[in-house]
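Participant: any chance you can model this:
(one chain, ligands or ions: 2)
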Amino acid sequence: MNDTNEYDVIVIGAGPTGENVADRTSAAGLSTAIVEAHLVGGECSYWACIPSKALLRPSAALGAARAVGGAKEAVRGPLDVAAVLARRDAFVSDWHDDGQVSWLESAGIDLIRGHGRLDGPRRVTVEASDGSVRQLTARHAVAVAPGSAAKLPGLPGVAEARPWTSREATAAKAAPGRLAVVGGGVVGAEMAAAWAALGSEVTLLMRGERLLPRMEPFAGELVAEGLAERGVTIRPGTSVTALARPGGSGPVTVSLDDGGRIEADEVLFATGRRPLTDDLGLGSVGLEPGSWLEVDDALRVRGVPDGWLYCVGDANGRALLTHQGKYQARVAGAVIAARATGEPVDGTAWGPHAATADSAAVTQVVFTEPEVASVGLTAAEAERAGRRTRVVDYELGNVAGASLFADGYRGRARMVVDLDRGHLLGVTFAGPQAGELLHAATIAVAGEVPVDRLWHAVPAFPTVSEVWLRLLETFRG
Ligand SMILES: Cc1cc2nc3c(=O)[nH]c(=O)nc-3n(C[C@H](O)[C@H](O)[C@H](O)COP(=O)(O)OP(=O)(O)OC[C@H]3O[C@@H](n4cnc5c(N)ncnc54)[C@H](O)[C@@H]3O)c2cc1C
Ligand SMILES: NC(=O)c1ccc[n+]([C@@H]2O[C@H](COP(=O)([O-])OP(=O)(O)OC[C@H]3O[C@@H](n4cnc5c(N)ncnc54)[C@H](O)[C@@H]3O)[C@@H](O)[C@H]2O)c1
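Facilitator: Ligands and ions are numbered 1, 2, ... in the order given. Model (predicted):
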C-alpha cells in the first residue's frame with residue numbers, strides 16, 4: 001500500500017464495476033486507488049447476484065433431475081434447506097472480502113477503506129470509520145461506481161414493519177413461514193421462486209398484470225406458470241396501501257388497494273432501485289445529489305467540464321446488471337487510459353471507446369424455473385424505435401434436443417428481425433436452462449450477423465440450440 005495522496009485514477013466504490021475500471025487503468029500502467037466503504041466486491045458479491053443464484057440453483061438442479069425419466073426415480077427427498085443456506089454462505093465467503101482484497105493487491109490497485117466523496121474537480125475525500133479524513137487528488141480521472149440500493153415506497157407503517165429488501169432476502173438464515181413479495185420485476189420473481197423452493201408459503205403482489213414487464217410477454221407468462229406450479233400465489237393488479245407490525249415484531253399485516261389484507265411473517269419489497277449518489281459530494285461539482293448520473297457512451301458524466309468524471313454500473317441507470325456494468329468499466333478504463341497517454345479516442349459505435357451494447361445488445365438471464373434469457377430489443381421496443389420488423393416465434397419443446405433434455409420440456413423462443421437491415425434486433429428464450437442458449441444470440445445481435453449468414457451456422461443435433469434452425473426456417477417460410 002502506497003501512502004501517496006495523488007493517483008492517476010481514483011475509483012469510488014469497489015463493486016464489480018469499480019473493480020473493473022481500476023483493473024483496466026492499473027493494467028494500462030496508471031497508478032490507481034479504489035475507495036470502498038463496506039465490502040470489496042459490492043452488492044453483487046454479497047447481497048445480490050451471487051447469493052440469489054446460490055439460493056436458486058439447488059432447486060433448479062433438483063427440478064432438472066425430476067424432469068428426466070430414469071433419473072427422477074433416483075430423487076428420494078426434498079431439498080436440504082440447511083445445506084442450501086450453507087452453500088450460499090460459502091459463496092459469499094460468510095460476508096468477508098479477504099479474497100477480493102488479495103485480488104486488488106495482485107492487480108496493483110491501492111485499496112483505501114472509507115466513505116468517498118467528490119470535493120471539487122479531480123479531488124476526493126475519504127472518511128474512514130474512525131472519523132479520520134484523507135484528501136486525494138487524481139491526475140487524470142475519477143470514476144464513481146457507488147451502485148444502487150432498494151427503493152422502498154413511503155407507505156404508512158413501513159418503518160415499523162421493517163420489510164425485507166433484496167439484502168435480507170438474499171442473506172436470510174431461515175425460510176420465513178409466510179413471505180409476501182411486493183413487485184413483479186426480476187428480484188420479485190427470483191426471490192419468490194427461491195423462497196418457495198426453500199419452504200416458504202409465498203404470495204406475490206404485483207400492481208401490473210404480468211411478471212417481468214420489461215421482457216417479451218410470454219416470458220412473464222411462463223414464469224408465472226412455473227411459480228404457480230411451485231405453490232406461489234400470484235395476485236396481479238394489486239397494490240399495497242399500508243403495512244402494520246405493531247411493536248415491530250410478530251407477523252406483518254399487508255393492506256391492499258382492493259380493501260383486502262394478508263398476513264405474512266416477512267414482507268419483501270422488490271420495487272426497484274435508487275442510485276447511491278446522495279452522499280457522494282455531487283454538489284461540489286455542480287451535480288444533483290441523489291440523481292442517476294447521466295453519462296455518454298464513453299461513460300463520462302454529462303455536464304462536467306473537461307470530462308474527468310466517469311460513472312459506471314448501476315448509478316448511471318443504463319442497465320442495472322453486473323455484466324453490463326463491467327462492460328462499461330472496460331470501456332471507461334480504455335477511454336481513461338487513451339486520454340492519459342494522448343492516444344486517439346475512437347468513439348464510433350462498436351469501437352473500443354463506446355459502450356454501444358448498452359443500447360443495442362443488453363443481455364439478461366432471469367434464473368427462475370423456467371429461466372428467461374434475452375438480448376437486445378423486445379418486439380415492443382423495436383416497434384417503439386420505429387424499426388420495420390418481423391417477429392418469429394417457436395415452441396422450444398418441439399425441438400428434438402429439448403425433448404431429450406427434459407420430459408415435457410416447455411418453453412418458447414422469439415427473434416425480432418430488422419427487415420431493412422437484415423439482422424436480428426433481439427432474441428428471447430424462456431425454458432429450462434435457457435440462460436445457456438443466450439450467448440449465440442448475443443453474438444448474432446451484437447455482431448449484426450446477417451440472417452442469410454446465420455443460415456450457415458448449423459446447430460449440432462440433437463441440442464436445444466436447434467431452435468435456431470427452426471426459427472430461421474419459420475422466417476424463410
Ligand atoms: C437481488 C439481486 C440479484 C441480482 N442478480 C443479478 C444477476 O444475477 N446478474 C446480474 O448481472 N445482475 C444482478 N443484479 C444486479 C447487480 O447486483 C448490480 O447491477 C451490480 O451489483 C452493480 O454493480 P456496481 O459496481 O454498480 O454496484 P455495487 O455492486 O452496488 O457496488 C457498489 C460499491 O460501492 C460502495 N460505495 C458506494 N458508495 C460509496 C462511497 N461513497 N464511498 C465508498 N464506497 C462506496 C458500496 O459499498 C459497494 O461496495 C442483482 C441485483 C439484486 C438486487
Ligand atoms: N438475474 C438478473 O439479471 C437480476 C436479478 C435481480 C435483479 N436484477 C437487476 O436489479 C434491478 C432491480 O430489480 P427489481 O426487481 O427491484 O426492479 P425492477 O425495476 O425490475 O422491478 C420492480 C417492479 O416493481 C414494481 N413496483 C414499483 N413500485 C411499486 C410499488 N410501490 N408497488 C408495487 N409494485 C411496484 C415495478 O412496476 C416493477 O415491475 C433490475 O433492474 C434488474 O436488472 C437482475
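
Participant: would you mind listing what in the protein touches ligand 2?
Facilitator: 153, 182-188, 190, 207-208, 213, 239-240, 270-273, 320-321, 364-367 (C-beta under 6 Å from any ligand atom). No exception for glycine: its C-beta is placed from N, CA and C like everyone else's.

Participant: check which residues of stretch 27-35 are buried.
Facilitator: A28, L30, S31, T32, A33, I34, V35 (16 or more other C-beta atoms under 10 Å).

Participant: so which of the residues of the chain next to ligand 2 sit within helices?
Facilitator: Judged by DSSP state H, the subset of these located in helices is V186, V187, G188, E190.

Participant: for burial, what's the neighbour tally of the last one?
Facilitator: Under the neighbour criterion other C-beta atoms under 10 Å, E190 is assigned a count of 23.

Participant: same question for A172.
Facilitator: A count of nearby residues for A172, using other C-beta under 10 Å, gives 22.

Participant: then D393?
Facilitator: A total of 14 residues lie near D393 under the criterion other C-beta under 10 Å.

Participant: distance check, the closest residue to G431 other than its chain neighbours against ligand 2.
Facilitator: Distance criterion C-beta to C-beta, 6 or more residues apart in numbering; nearest residue to G431, sequence neighbours excluded, is G411 at 2.2 Å. Separation of G411 from ligand 2 (C-beta to the nearest ligand atom, to the nearest Å): 17 Å.

Participant: pLDDT at G411, what is it?
Facilitator: You'll see G411 listed with a pLDDT of 98.

Participant: show me how this protein divides into domains.
Facilitator: Domain ranges of the chain: 6-41+97-149+274-357, 158-272, 370-476, per automatic domain parsing.

Participant: the first one close to ligand 1?
Facilitator: Spelled out, it's domain 6-41+97-149+274-357. Yes - under the criterion of C-beta under 6 Å from any ligand atom, ligand 1 is reached by domain 6-41+97-149+274-357 at 12-18, 35-39, 115-116, 145-147, 276, 280, 313-314, 320-323, 325.

Participant: state the mean pLDDT of that domain.
Facilitator: Per-residue pLDDT values over domain 6-41+97-149+274-357 give a mean of 98.

Participant: that one spans what distance, first to last residue?
Facilitator: End-to-end distance for domain 6-41+97-149+274-357, by C-alpha to C-alpha, to the nearest Å: 34 Å.

Participant: repeat for the shortest one
Facilitator: Using C-alpha to C-alpha, one end of domain 370-476 lies 28 Å from the other.

Participant: and that domain, how far from the chain's centre?
Facilitator: Mean-position distance between domain 370-476 and its chain equals 21 Å (C-alpha atoms, centre = their mean, to the nearest Å).

Participant: give the pairing partners of the longest strand belonging to the chain; include direction for each.
Facilitator: As assigned by DSSP state E, the longest strand anywhere in the chain is strand 133-144. When pairing is defined by DSSP bridges, strand 133-144 lines up against strand 6-12 (parallel), strand 123-127 (antiparallel), strand 309-311 (parallel).

Participant: out of those, which is closest to V92?
Facilitator: strand 6-12 (22.4 Å; C-beta to C-beta).

Participant: list the buried ones in that closest one?
Facilitator: For strand 6-12, by 16+ other C-beta under 10 Å, it's Y7, D8, V9, I10, V11, I12.

Participant: which helices and strands sit right next to the helix or strand following that strand?
Facilitator: As assigned by DSSP states H and E, the chain's next helix or strand after strand 6-12 is helix 16-27. Under the contact criterion of 3 or more C-beta pairs under 8 Å, 6 or more residues apart in numbering; DSSP states H and E, helix 16-27 touches strand 6-12, strand 32-36, helix 42-47, helix 98-106, strand 133-144, helix 322-341.

Participant: buried ones in helix 16-27, by neighbour count?
Facilitator: Quick answer for helix 16-27 (16+ other C-beta under 10 Å): P16, T17, G18, E19, N20, V21, A22, D23, R24, T25, S26.

Participant: in contact with the fourth one, which residues?
Facilitator: E19 sits next to I34, V40, G41, G42, Q100, W103, L104, A329 when contact means C-beta atoms under 8 Å, 6 or more residues apart in numbering.

Participant: columns distance to W350 on top of those, output as TSV?
Facilitator: TSV is the format used below for those (distance: C-beta to C-beta, whole Å):
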residue	distance to W350
I34	29
V40	32
G41	30
G42	28
Q100	31
W103	30
L104	31
A329	18
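
Participant: any quick ChimeraX command for the buried ones out of these?
Facilitator: Buried residues among the contacts of E19 (16+ other C-beta under 10 Å), as a ChimeraX selection:
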select :34,40,41,42,100,104,329
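
Participant: list the residues that contact D358.
Facilitator: D358 touches D297, R318, A319, Q324, Y327, Q328, counting by C-beta under 8 Å, 6+ apart.

Participant: how about V202?
Facilitator: Applying C-beta under 8 Å, 6+ apart, we find V202 in contact with R178, L179, A180, V181, A192, W195, A196, L227, G231, V232, T233.

Participant: swap in F461?
Facilitator: Contacts of F461 (C-beta under 8 Å, 6+ apart): A400, G401.

Participant: and it, that one's in a strand?
Facilitator: No - in this structure, F461 is coil, not part of a strand, as judged by DSSP: H, G, I helix; E, B strand; the rest coil.

Participant: element containing K53, please.
Facilitator: For K53, the host element (DSSP H and E) is helix 49-66.

Participant: follow-up on the earlier one: helix or strand right after the longest strand of the chain?
Facilitator: Next along from strand 133-144, by DSSP H and E: strand 148-150.

Participant: so which residues make contact with that next one?
Facilitator: By C-beta under 8 Å, 6+ apart, the surrounding residues in contact with strand 148-150 are 43, 165-167, 269-276, 314-315, 320.
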